[in-house]
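Q: Predicted model follows, preceded by the sequence.
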Number of protein chains: 2
Amino acid sequence: MRVLGVDPGLTRCGLGVVEGGLGTPLRLVEVGVVRTPIDQEPALRLLTLQTEIDDWLERLRPDAVAVERVFAKANIKGIMGTAQASAVPMLAAARRGLPLAMHTPSEVKAAVTGNGRADKNQVTAMVTRILRLQVAPKPADAADAIALAICHLWRGAAQDRIAQAVALQRAAR
Amino acid sequence: MRVLGVDPGLTRCGLGVVEGGLGTPLRLVEVGVVRTPIDQEPALRLLTLQTEIDDWLERLRPDAVAVERVFAKANIKGIMGTAQASAVPMLAAARRGLPLAMHTPSEVKAAVTGNGRADKNQVTAMVTRILRLQVAPKPADAADAIALAICHLWRGAAQDRIAQAVALQRAAR
């Protein structure tokens, strides 16, 4: 199972592909950040992001896409761009019929650090340890994208285990 | 000059194509509303919207796209969907190299009614009168999309006139 995690943004959009399954260690396939100039037309910035995400999906063929669920913050102007940016991986996944999940920041933090209020350094440190990386992924958006993919793999695996247990129990009746 | 106006939304997205030029009366080419089920996955709703907008652009070949600029309101949950929906026409225009403009609701209201705080009924009434329609466009999202296209045609024309005047004055020196 291979998952593309996306930490959406126009200025910096984190992308990370992680693969792994039940009982096998997770492996980092690729990580990166798409940057678009802050003084460029928003529509062109979205287009750059779309081109990059399409390229990642073509090259790395993930089985699912996990996107950070965007919430309103104090910075309303920034949040609009982030919401628009999040539409890009959503559309890309839907167009390809790929399973898509939206995870909240606290779900992601809880999945990788055990603490839903972990800070960026803790997330980066745990991501580095989980994937046995020599160097910590930078910037934080890249680490967040990887954390999203890990969260999705682990939550998905847990949900699959529960579904399997339920199915077994039903079959046993 | 033919303009596609888009009043973005996931539940209802208004689309209206208007054509006209300086000194010629405006003409409504087509108006409609894309609806997507509220209980459907947001990514699929975005995809439906993308398919429809692509179809309109292919069939009606507008020269420019005008999208309502989304602002934060009290309804934060709705605003995220609206922001994501607005990314669809932005991307569609950018992909085709079409000029794109974002107009605020008050710019649009001021352009068609002369009052930036006009209500929905006033906008619908003026749109109906300007385009000499037999029947008022419904729902309000459809009328808003037409109003956006009209706003764009008129503001664009005014800006062109100013640019022309400046160019003439420079040439005369």
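A: Received it, and whenever you're ready, just let me know what you need. Source: prediction; values computed, not measured.

Q: how about the helices in chain A?
A: Listed in chain order, the helices of chain A (DSSP state H) span A:42-60, A:76-96, A:105-113, A:120-130, A:140-172.

Q: Ranking those helices by mean neighbour count, which comes first?
A: Counting by mean count of other C-beta atoms under 10 Å in any protein chain shown, helix A:76-96 has the highest mean neighbour count of the helices of chain A, with a mean of 22. Bear in mind the C-beta positions are built from the backbone N, C-alpha and C, glycine included.

Q: Return the angle between stretch directions for that helix and helix A:42-60.
A: Helix A:76-96 and helix A:42-60 are oriented at 40 degrees to each other (axes from the mean of the first three to the mean of the last three C-alpha atoms, to 10 degrees).

Q: Is helix A:76-96 in proximity to chain B?
A: Yes. Contact of helix A:76-96 with chain B (C-beta under 8 Å from any C-beta of the partner chain) involves A:76, A:79-80, A:83-88, A:90-91, A:93-95.

Q: Pipe the residues you listed into CSV and attach pLDDT per row.
A: What follows is these, written out as CSV (pLDDT from 0 to 100):
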residue, pLDDT
A:I76, 65
A:I79, 84
A:M80, 87
A:A83, 92
A:Q84, 95
A:A85, 97
A:S86, 97
A:A87, 98
A:V88, 98
A:M90, 97
A:L91, 98
A:A93, 97
A:A94, 97
A:R95, 96
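
Q: can you list the weak-confidence ranges in chain A?
A: Scanning chain A for pLDDT under 70 picks out A:72-77, A:157-173.

Q: For it, what lies in contact range of chain B?
A: So chain A meets chain B at A:41-44, A:46-47, A:50, A:70-72, A:76, A:79-80, A:83-88, A:90-91, A:93-95, A:100, A:102 (C-beta under 8 Å from any C-beta).

Q: one more time with 7 Å, if that's ok
A: Proximity of chain A to chain B (C-beta under 7 Å from any C-beta of the partner chain) is limited to residues A:42-44, A:46-47, A:50, A:70, A:72, A:76, A:80, A:83-84, A:86-88, A:90-91, A:93-95, A:100.

Q: show me what contacts the spatially closest residue to A:R12 that is not a sequence neighbour?
A: Distances taken as C-beta to C-beta, 6 or more residues apart in numbering or on different chains place A:D141 nearest to A:R12, at 4.6 Å, with adjacent residues excluded. When contacts are counted by C-beta atoms under 7 Å, 6 or more residues apart in numbering or on different chains, A:D141 touches A:7, A:9, A:12-14, A:33.

Q: hmm, try it at 6 Å
A: Residues in contact with A:D141, defined by C-beta atoms under 6 Å, 6 or more residues apart in numbering or on different chains, are A:7, A:12, A:14, A:33.

Q: Also A:M102?
A: With C-beta under 6 Å, 6+ apart, A:M102 has these contacts: A:67, A:69.

Q: swap in A:P139?
A: Per C-beta under 6 Å, 6+ apart, neighbours of A:P139: none.

Q: how far away is it from A:C13?
A: For A:P139, the distance to A:C13 equals 11 Å [C-beta to C-beta, to the nearest Å].

Q: Surely A:A92 and A:I53 touch.
A: Yes. A:A92 is within contact range of A:I53, at 5.1 Å (criterion: C-beta atoms under 6 Å).

Q: how deep is A:P37 tucked in, by neighbour count?
A: Using other C-beta atoms under 10 Å in any protein chain shown, A:P37 is surrounded by 11 other residues.

Q: any idea how far A:D7 is from it?
A: Counting by C-beta to C-beta - A:P37 and A:D7 are separated by 19 Å.

Q: nearest residue to A:G20 other than its sequence neighbours?
A: With sequence-adjacent residues excluded and distances taken as C-beta to C-beta, 6+ apart, A:G20 is closest to A:L26, at 3.7 Å.

Q: and that neighbour, how far is that from chain B?
A: A:L26 sits 25 Å away from chain B, going by C-beta to the nearest C-beta, to the nearest Å.

Q: what sits against that residue?
A: Residues near A:L26 by C-beta under 6 Å, 6+ apart: A:18, A:20, A:131.

Q: what do you get if the cut-off is 7 Å, keeping everything else the same?
A: A:L26 sits in contact with A:18, A:20, A:130-131, A:150, A:153, where contact means C-beta under 7 Å, 6+ apart.

Q: before we move on, what about A:A142?
A: By C-beta under 7 Å, 6+ apart, the contact set of A:A142 is A:14, A:16, A:31-33.

Q: go on, A:R27?
A: Contacts of A:R27 (C-beta under 7 Å, 6+ apart): A:18-20, A:131.

Q: can you check A:M126 too?
A: A:112-113.

Q: what's the distance between A:G156 and B:P105?
A: The gap separating A:G156 from B:P105 is 41 Å, by C-beta to C-beta.

Q: can you check A:V70 too?
A: 22 Å.

Q: measure A:E19 to A:P139 for me?
A: According to C-beta to C-beta, A:E19 and A:P139 sit 23 Å apart.

Q: just A:P37 next, same as before
A: A:P37 is 16 Å from A:P139, by C-beta to C-beta.

Q: Nearest residue to A:V108 in space, ignoring adjacent ones along the chain?
A: A:C151 (4.5 Å).

Q: just checking, the one you found touches A:A111?
A: Yes. The pair A:C151 and A:A111 qualifies as a contact (C-beta atoms under 7 Å) at a distance of 3.8 Å.

Q: picking that back up, list the residues that contact both of A:P139 and A:C13?
A: By C-beta under 7 Å, 6+ apart, the residues touching both A:P139 and A:C13 are A:V33.
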